[in-house]
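Q: return a 3D structure for these sequence lines:
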Amino acid sequence: MRTLGKLCEELGPDSVDEYILMFKSLWPSRVARLRDALSSNDRDMGEDAALSLRSSATMAGAYELAGLALQLQQAFREGTVGARTELVRSIEYSGKMVLRVLETPGFTERALRTYRESVSA
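A: Reported below is the predicted structural model:
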């Protein structure tokens, strides 16, 4: 919450709301790219898709999701086939939980308030 709260402080609530909408709209294609890379065993596509997800998750403050994406990126890079399927499943679940939080009514305002309280403390 603090990460998006800080972004809200710097860029305004509309920018954060727009980012959340973009994160949500891109989620299905991000997961599809991961699945495609997994099924085709395309290491380059897998690394790229995981890096993209990791970057957007970090920007959203979804650090668990970003950590899973980093693990998947490394699994594609190192050729660790066995871990990939479970990581993609974990990413799908974690992403759904992140979306649930981001879509909560009033999230942006609470994130901004949380950030301001943490700065003033």
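
Q: Phe76: how many residues sit nearby?
A: Using other C-beta atoms under 10 Å, Phe76 has 27 neighbouring residues. Every C-beta, even on glycine, is put in place using the N, C-alpha and C of the backbone.

Q: scratch that, Asn41 is what I was asking about
A: Burial of Asn41 is recorded as 12 neighbouring residues (other C-beta under 10 Å).

Q: show me where the chain has helices.
A: All helices of the chain, identified by DSSP state H, fall at 2-11, 13-40, 43-59, 63-78, 81-102, 107-120.

Q: tell me what angle the fourth one forms with helix 2-11.
A: In other words, helix 63-78. Inter-element angle recorded for helix 63-78 and helix 2-11: 100 degrees (by axes from the mean of the first three to the mean of the last three C-alpha atoms, to 10 degrees).

Q: so helix 63-78 versus helix 81-102, what angle?
A: 160 degrees.

Q: next, the buried residues of helix 63-78.
A: Buried residues in helix 63-78, defined by neighbour count with 16 or more other C-beta atoms under 10 Å: 65-66, 68-73, 75-76.

Q: I'd like the helices of the chain as JSON lines, with mean pLDDT appended.
A: Below are these laid out as JSON lines (pLDDT from 0 to 100):
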{"stretch": "helix 2-11", "mean pLDDT": "93"}
{"stretch": "helix 13-40", "mean pLDDT": "96"}
{"stretch": "helix 43-59", "mean pLDDT": "96"}
{"stretch": "helix 63-78", "mean pLDDT": "97"}
{"stretch": "helix 81-102", "mean pLDDT": "96"}
{"stretch": "helix 107-120", "mean pLDDT": "93"}
